[in-house]
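Engineer: Need coordinates for the below:
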Amino acid sequence: MEYFVNCNTATLAPYTTPLDQIRVQHLFRRLGFSASIQTVNAAVGQSADALVDQLINEAVNMAPIAPPLWADWTNANYPADDDAARALRREQLGEFRAAYGNALLNNNLRDRLSFFWSNHFVTELDVYDCNSFLYYYINCLQRNAIGNFKTFVSEIGLTSAMLYYLDGAYNNGNNPNENYARELYELFSLGEGNGYTEEDIIETARALTGYVERGEIGCTQVTFRADRHDTDAKTILGQTGNWGYDDTIDILFDQRPNEIAGFICTKLYEFFVHPDSDAAEAQPIIDGLSATFIANNFELAPVLSQLFKSQHFFDETAIGVIIKSPFDLYLNFIKESNFAYDDGIVINAVDACRLIGQTMFDPIDVAGWQRDRMWINTNFIIGRWLTMEVFLEQFYQANPEQFRTLAMDAVGPGDSNTSNPETVVRALVDKFTPKGLLTEQDFENAMDAFKIDDVPENYYSPDYVDGGLSLWMLAVSMETPLQVYTLLRHLSREPEFQLK
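Structural biologist: The predicted structure follows:
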């Protein structure tokens, strides 16, 4: 079985029940990289309609990352010495990884989407190797992440990162290169073999010629040269004329709206709801989203709003059925724990992702990461365990008391001075897993992890008192931070911790 079986029979009708903790956490894990206990608690009891509107409006109105000082640098701006130039590029790239990592942590839906689109409109930094091109590529993703998809397709194809990655920068009128034309249809808009022919690819490549002016200095933004464009007639998707770049995009969206909508809404469904889009239960949802997409002239916000407010999205069977990506694993934990972090922690998380299969700005190939089961194999699962232990140890060494604070926040003010370890373990399990642990024995194992070995069992008994108080109390016992740390190490290896 490749995926969880999709048994979700709920519809796109609005979900009207006030949101409980499980569904608020579900929403934030899918629409962003999760949320703190305080953010979740503030949202419990709200309507899906109000909370989703808030998150979508925030995403629509959010400014992209400000341009770094080197945004428009060419090779001429770097030191003549190759080693010095490489060192400066690495420093810039490190700063930008931290900036984008912080954007993923803090920007909820906007940068959950920009990261999603980076795995749809794929480029690889290793191929085009220019920090300036990277900045403008990410800028394009952020500006269009929840905008108009037709505009997005048009703009992304003219970024220098994409023009170099798929050879558009070498697509001359007298020698057309078909790479971008093929991926425009196969991966970016229609899906493999869906509504286009090999002849359409050949003719489209001719229409896209001319964006080949690369300048005399490396890392210069690519521009159009009219003398390198094929001005003869081309027939694209049944339409004949002297077509250019903008004409191609117009023809694509005019002639294949149903195919585009179905392909993109399927990808959105698989990413945000359930990896099994082939199930009979999924098709009416995808069809409904596709109709909304077309009716709104390919605006993304109405589609996402309809999906995220639906009974289908909040159904019990949609919760906890997607395997966390490496970025989910670390960033979700940083957000959910609310532990103090800095750019160093963010960079460490980005680097750890690379160790277990997900390198920022470098998907594995033009088809991108295939997600879900791709993230879990013998090496990667061990890597997930060991790297999470490193992060937990780092947070613990920095400030053990933040582990106590986490537990007190999780149980809430009414139980912040509890003497019952089960109250604490239950609250933390519910915080860090989508729907708790699978069996009661799994929960007992978590309890055993919390009750660290050198503490007598009766230490937790209400009958075992000193001065009228139970010896163990969450708010004051000196062992509490170590106990929470030990519990989190245990939970980080549980299957349920790997899900969102």
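Engineer: centre of the chain versus stretch 323-338, how much separation?
Structural biologist: Averaging C-alpha positions (C-alpha atoms, centre = their mean, to the nearest Å) puts stretch 323-338 10 Å from its chain's average.
Engineer: CA-only coordinates of stretch 477-492 in CSV, if you can.
Structural biologist: Extracted in CSV, the C-alpha atoms of stretch 477-492 (Å, rounded to 0.1, in the frame of the first residue of the first chain):
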residue,chain,number,x,y,z
SER,A,477,10.0,19.8,41.0
MET,A,478,13.6,20.0,39.9
GLU,A,479,13.3,16.9,37.8
THR,A,480,10.5,18.3,35.6
PRO,A,481,12.6,19.8,32.7
LEU,A,482,14.6,16.5,32.3
GLN,A,483,11.3,14.5,32.4
VAL,A,484,9.8,16.6,29.6
TYR,A,485,13.0,16.4,27.6
THR,A,486,13.0,12.6,28.0
LEU,A,487,9.4,12.4,27.0
LEU,A,488,10.0,14.5,23.9
ARG,A,489,12.9,12.3,22.9
HIS,A,490,10.6,9.3,23.2
LEU,A,491,7.8,10.9,21.3
SER,A,492,10.1,12.0,18.5
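Engineer: wait, what's in contact with the closest residue in space to residue 287 that isn't next to it in sequence?
Structural biologist: Distances taken as C-beta to C-beta, 6 or more residues apart in numbering put residue 262 closest to residue 287, at 7.8 Å, once the chain neighbours are dropped. All C-beta spots, glycine's among them, are computed from the backbone N, C-alpha and C. Residue 262 makes contact with 191, 286-287, 290, according to C-beta atoms under 8 Å, 6 or more residues apart in numbering.
Engineer: With distance to residue 437 as extra columns, can I get the residues you listed in CSV?
Structural biologist: As requested, the contacts of residue 262 are exported to CSV (distance: C-beta to C-beta, whole Å):
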residue, distance to residue 437
191, 38
286, 32
287, 36
290, 38
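Engineer: Just the ones of those in strands?
Structural biologist: Within the contacts of residue 262, no residue falls in strands by DSSP state E.
Engineer: If any of these are buried, put those into a ChimeraX selection.
Structural biologist: Buried subset of those, written as a ChimeraX selection, criterion 16 or more other C-beta atoms under 10 Å:
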select :191,286,290
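Engineer: Could you identify the most distant pair in the contacts of residue 262?
Structural biologist: 191 and 287 (15.3 Å; C-beta to C-beta).
Engineer: check contacts around residue 483.
Structural biologist: 421, 450-452.
Engineer: Closest one of those residues to residue 218?
Structural biologist: Using C-beta to C-beta, residue 450 is the member of the contacts of residue 483 that lies nearest residue 218, at 56.8 Å.
Engineer: That closest one against residue 487, yeah?
Structural biologist: Yes: using C-beta atoms under 8 Å, residue 450 makes contact with residue 487 at a distance of 4.4 Å.
Engineer: Now the common contact residues for those two.
Structural biologist: Common contacts of residue 450 and residue 487, defined by C-beta under 8 Å, 6+ apart, comprise residue 425.
Engineer: which residues in the stretch 251-400 of the chain form helices?
Structural biologist: Under the criterion DSSP state H, counting those that start in this stretch, the stretch 251-400 of the chain contains helices at 257-272, 283-295, 300-308, 311-314, 326-337, 343-355, 378-398.
Engineer: counting contacts, what elements does the longest one pack onto?
Structural biologist: When you say that, I think you mean helix 378-398. Using 3 or more C-beta pairs under 8 Å, 6 or more residues apart in numbering; DSSP states H and E, the elements in contact with helix 378-398 are helix 326-337, helix 343-355, helix 401-411, helix 480-491.
Engineer: which stretch among those comes nearest residue 166?
Structural biologist: Closest among those, using C-beta to C-beta: helix 343-355, at 23.3 Å.
Engineer: before we move on, back to that, save the helices of the stretch 251-400 of the chain as JSON lines, and put in mean pLDDT and distance to residue 417 too.
Structural biologist: Listed next are the helices of the stretch 251-400 of the chain as JSON lines, based on pLDDT from 0 to 100; distance: least, C-beta to C-beta, whole Å:
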{"stretch": "helix 257-272", "mean pLDDT": "98", "distance to residue 417": "40"}
{"stretch": "helix 283-295", "mean pLDDT": "98", "distance to residue 417": "46"}
{"stretch": "helix 300-308", "mean pLDDT": "98", "distance to residue 417": "38"}
{"stretch": "helix 311-314", "mean pLDDT": "98", "distance to residue 417": "34"}
{"stretch": "helix 326-337", "mean pLDDT": "98", "distance to residue 417": "21"}
{"stretch": "helix 343-355", "mean pLDDT": "97", "distance to residue 417": "30"}
{"stretch": "helix 378-398", "mean pLDDT": "96", "distance to residue 417": "22"}
